[in-house]
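> Task: produce atomic coordinates for the following.
(chains A and B)
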Amino acid sequence: ETGVTQSPTHLIKTRGQQVTLRCSSQSGHNTVSWYQQALGQGPQFIFQYYREEENGRGNFPPRFSGLQFPNYSSELNVNALELDDSALYLCASSSYGTSETDTQYFGPGTRLTVL
Amino acid sequence: GDSVTQMEGPVTLSEEAFLTINCTYTATGYPSLFWYVQYPGEGLQLLLKATKADDKGSNKGFEATYRKETTSFHLEKGSVQVSDSAVYFCALSLYKLSFGAGTTVTVRA
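Below is the predicted model:
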């Protein structure tokens, strides 16, 4: 069974640029959620995708957007990067509609630094 | 809104000591409760979970019991090892995960 994978591992961007982060869900999972974890804090929910549509969103501005593909992989796009966007971005997958609906499994994260 | 409050750290223990990390929650509805662990430079690993009142989750010597009457889900381990040094997060799930701030645990040999 393949776990959740994310790419790239690290990324350095400058203010105003755009970035795309990628996530492959665990095999058998159909739902992907994205979280932002600032240094020393707990993860904050950005949004969730199910059946290629956004299925809930946290308190993040529209410049945070996402996609889910037919193979359940996902992208997180952030436009007009700000210094405060520097964080660890975590992707998690789960299997909606099963007894494990609530259980999310995380990838290793992408460390984004905005200069 | 839904929220989780967990014991502030850092917590420093000697090997074989007893560990407790307190966690309380506020939620509308009946959430599932989780403990995740994060080792330095890594993502989150699911440690244990409980899906309804009075359920006990357990894994690798860690235990936590879902207490609806006190809205709590305290994490315990009877004898910690150096390898248990990590950041521990309590979380609740109502389609999305809401996390506590995390508790840093350091175990000294």
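> What residue in chain B comes nearest to chain A?
Closest contact between chain B and chain A, by CB to the nearest CB, is at B:Phe99 (3.5 Å). Where C-beta positions appear, they are placed from N, C-alpha and C, glycine not excepted.
> which one's the longest strand in chain B?
The longest strand of chain B (DSSP state E) is strand B:86-94.
> So what touches it?
Outside strand B:86-94, the residues that touch it by CB atoms under 8 Å, 6 or more residues apart in numbering or on different chains are A:42-43, A:102-104, B:2, B:4, B:6, B:21, B:23, B:25, B:27-29, B:31-40, B:44, B:47, B:73, B:75, B:97-100, B:102-105.
> how deep is the residue of chain A found nearest chain B tucked in, by neighbour count?
Per CB to the nearest CB, A:Gly42 is where chain A lies closest to chain B, at 3.5 Å. By the measure other CB atoms under 10 Å in any protein chain shown, the count of residues near A:Gly42 is 22.
> what's the neighbour count on the closest residue to it other than its chain neighbours?
Nearest residue to A:Gly42 in three dimensions, chain neighbours excluded: B:Phe99, at 3.5 Å (CB to CB, 6 or more residues apart in numbering or on different chains). By other CB under 10 Å, the residues close to B:Phe99 number 22.
> thought B:Phe99 was touching B:Val4?
Yes: using CB atoms under 8 Å, B:Phe99 is in contact with B:Val4, at 6.2 Å.
> what residues are shared contacts of the two?
Common neighbours of B:Phe99 and B:Val4 (criterion: CB under 8 Å, 6+ apart): A:Gly42, B:Cys90, B:Ala91.
> Provide a list of residues in contact with A:Phe106.
A:Val4, A:Leu90, A:Cys91, A:Ala92, B:Tyr36, B:Gly43, B:Leu44, B:Gln45, B:Leu46.
> Give me the nearest residue to the first one, chain neighbours excluded.
For A:Val4, the nearest residue in space outside its immediate sequence neighbours is A:Gly107; the separation is 3.7 Å by CB to CB, 6+ apart.
> Just give me the neighbour total for that neighbour.
Neighbours around A:Gly107, by other CB under 10 Å: 23.
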